[in-house]
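> Need coordinates for the below:
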Amino acid sequence: MKEFLATAKALSDENRVRALMFLRDGDLCVCQIIEMLRLAPSTVSKHMAILHGAGLVEAKKEGRWIFYRLPDEAASTRTSSALRWVQESLADDGQVCDDMRRLEAVRRTPVKELCRHYKA
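As a prediction, this is how the structure comes out:
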């Protein structure tokens, strides 16, 4: 029950769902997620902590940066099903399509350059 409720809570916020959609094409530094969501670093860190706590993302620290990614194939059935549902449900969503276009530009910007602007 607790795992289900953590997943439901994590998926109940538009910014967290958008962050999950950003990650479907690979790892992102927290600074890239901050740039995409246009929220304060502390707010994005809180959102990512909720997603991490629910098992919907994995985190890896590299130097002073934290990178997030979707769980690998070994993720629980609950996690895999939830992520598949989100991705299938929002594949043609206007906000998601706009985000994916912006994400291309954010991915082209060197992480060091983006992270210089933020303290996460």
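
> now the strands: where do they sit in the chain?
Taking DSSP state E as the test, the strands found in the chain are 28-29, 58-62, 65-69.

> Show the average pLDDT along the second one.
Read that as strand 58-62. Average pLDDT, strand 58-62: 93.

> residues of that strand that come out buried?
Buried residues in strand 58-62, counted by 16 or more other Cβ atoms under 10 Å: residue 58. For the C-beta atoms, the positions are set from N, CA and C on the backbone; glycine is no exception.

> Give me the contacts around that strand.
By Cβ atoms under 8 Å, 6 or more residues apart in numbering, the residues outside strand 58-62 that reach it are 27, 48, 52, 66, 67, 68, 69, 70, 71, 72.

> I'd say the second one and residue 20 touch.
So that's residue 48. No: counting by Cβ atoms under 8 Å, residue 48 stays clear of residue 20, with 10.3 Å between them.

> Find residues that contact each of the two.
residue 57.

> Number of residues surrounding residue 100?
Residue 100 sits with 13 neighbouring residues when counted by other Cβ atoms under 10 Å.

> Spit out the contact partners of it.
So residue 100 contacts residue 21 (Cβ under 8 Å, 6+ apart).

> ok, of the contacts of strand 58-62, which one's closest to residue 80?
For those, the minimum distance to residue 80 (Cβ to Cβ) is 7.8 Å, reached by residue 71.

> ok, now how distant is residue 4 from residue 20?
17 Å (Cβ to Cβ, to the nearest Å).

> and what of residue 60?
Going from residue 60 to residue 20 by Cβ to Cβ gives 17 Å.

> average pLDDT across stretch 24-41?
95.

> Which parts of it count as buried, going by neighbours?
24, 28, 29, 30, 31, 32, 33, 34, 35, 36, 37, 39.

> And for stretch 100-111?
By 16+ other Cβ under 10 Å, the buried positions in stretch 100-111 come out as 103, 106, 111.

> Where do the helices of the protein begin and end?
2-10, 14-22, 30-37, 41-53, 77-90, 94-108, 111-115 (DSSP state H).

> Let me know which of the ones you listed is tucked in deepest.
Highest mean neighbour count of these: helix 30-37, a mean of 23 (counted as mean count of other Cβ atoms under 10 Å).
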